[in-house]
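Kindly generate the corresponding structure for this input.
(one chain, ligands or ions: 1)
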Amino acid sequence: MKVIVADDTGFCFGVQRALQMIDSKIESQEKIYTLGDVVHNKSVINSLERKGVKSIQDDIPHDAKNSVLVIRAHGVPKEQLEQMKKSFKTVVDATCPIVMNLFKTAEQMNEQGYKIIVFGKRDHPEMVALIGYVKSAVVTVEPVPLGVKSCILSQTTMSSEEFHDFVKKSVEISHFKELRIINTICDVTAERELQARRIAKESDLVIVLGGKNSSNTCKLVKIAAETTRTVHIEDPSEVDKIDLRDIKTVGIITGTSTPQEDVKTLTEKILNRREKE
Ligand code: SF4
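Numbers count the residues shown, from 1 in each chain. Predicted structure coming up:
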């Protein structure tokens, strides 16, 4: 049995950066909270909890004035950020620079009079945050009629192919004078999609390792499943339950919130089974 591991696995730059920011605060011995789970991965969250890092939602803890709050890579609405700065001793903003670029671009284009349309999911935290920057932004996955002067952007984790399709269909149903299309999809997720397509073609089975609540991981599952048998697991130990009989080539791909150590463990487990069977 051959195992193909995608070239690009493990944490993306934005998640790695957020975790490093938390680590530097752990060293300072301060009480640390994160606003929502900082990464869509149970083992990482459990490991942070063991180090005393607690995930909160909107509730302000009683010891906030003596504590650090870390804003995760998805970002938060501007007003909420200001509110948190008043409530906590320190706020560490770990919003990914690529996500922040989307917020700033939307804000600037809106100031220039463009109607802002974003290809994205309204309930995704990144989009909730974006609406905090541009309240009038239309966030949708369905093509919409464009205004006279519009700007189309995308949630950073959407599929490039689906973005192009969305733009094409929106243009077809619209009459407009001016249109700006700015592709704000993150290169990391776009590259992982390409790799998922390539590996799916070369494999009898693709294992996607990553959180089931991670939108970019679920998208990789969907892409690989279009071509070959695909299984989504959250933890390397789940591979023990997968039937590997008659499998000649296994492909491994991961979402952006999966630690590199989990990829190594999964690969070793598959290779060990190959030796035993
Ligand atoms: S997937 Fe891209 S945009 Fe999202 S956190 Fe990672 S690097 Fe940033």
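
okay, CA-based contacts and neighbour counts for the rest of this
OK.

check contacts around the closest residue to the ligand within the stretch 1-150 of the chain.
For the stretch 1-150 of the chain, the residue closest to the ligand is residue 14, as judged by C-alpha to the nearest ligand atom, at 3.8 Å. Going by C-alpha atoms under 8 Å, 6 or more residues apart in numbering, residue 14 touches 73, 95, 96, 97, 98.

repeat for residue 8
residue 192.

related to what we said a few turns ago, give me the three-state assignment for the residue of the stretch 1-150 of the chain closest to the ligand.
helix (DSSP: H, G, I helix; E, B strand; the rest coil).

which of the contacts of residue 14 tops the neighbour count?
residue 73 (25 neighbours; other C-alpha atoms under 10 Å).

Is the nearest residue to it once chain neighbours are set aside within a helix or a strand, and which one?
Nearest non-adjacent residue to residue 73, counting by C-alpha to C-alpha, 6 or more residues apart in numbering: residue 95, 4.0 Å away. Here residue 95 sits in a region with no helix or strand, counting by DSSP states H and E.

I'd say residue 95 and residue 71 touch.
Yes - between residue 95 and residue 71 there is a contact at 6.4 Å, judged by C-alpha atoms under 8 Å.

just to revisit the earlier point, name the weakest-confidence residue in the contacts of residue 14, if you would.
By pLDDT, residue 73 ranks lowest within these, coming in at 93.

Report the mean confidence score over stretch 232-240.
94.

just the helices in the stretch 151-277 of the chain please.
160-172, 187-202, 215-225, 260-276 (DSSP state H, counting those that start in this stretch).

so which of those gets nearest the ligand?
Between the helices of the stretch 151-277 of the chain, helix 187-202 lies closest to the ligand; by C-alpha to the nearest ligand atom that is 5.5 Å.

how far out from the middle of the chain is the closest one?
15 Å (C-alpha atoms, centre = their mean, to the nearest Å).

what does that helix contact?
By C-alpha under 8 Å, 6+ apart, helix 187-202 touches 4, 6-8, 12, 157, 159-160, 206, 216, 220, 223-225, 227-228, 249, 251, 253, 256.

quick check: mean pLDDT across that helix?
On average, helix 187-202 scores 94.

Next, see if that helix gets close to the ligand.
Yes - looking at helix 187-202 against the ligand by C-alpha under 6 Å from any ligand atom, the contacts come from 188, 189.

what angle separates that helix from helix 215-225?
Angle between the axes of helix 187-202 and helix 215-225 is 20 degrees (criterion: axes from the mean of the first three to the mean of the last three C-alpha atoms, to 10 degrees).

Okay, buried residues for helix 187-202 please.
188, 189, 190, 192, 193, 195, 196, 197, 199, 200, 201 (16 or more other C-alpha atoms under 10 Å).

Tell me if residue 55 really is in a strand.
Yes - counting by three-state DSSP, one finds residue 55 located in a strand.

Which elements pack onto the worst-scoring helix or strand of the chain on mean pLDDT?
Across the helices and strands of the chain, mean confidence by mean pLDDT, DSSP states H and E is lowest for helix 260-276: a mean of 87. Using 3 or more C-alpha pairs under 8 Å, 6 or more residues apart in numbering; DSSP states H and E as the contact criterion, the elements in contact with helix 260-276 are strand 2-5.
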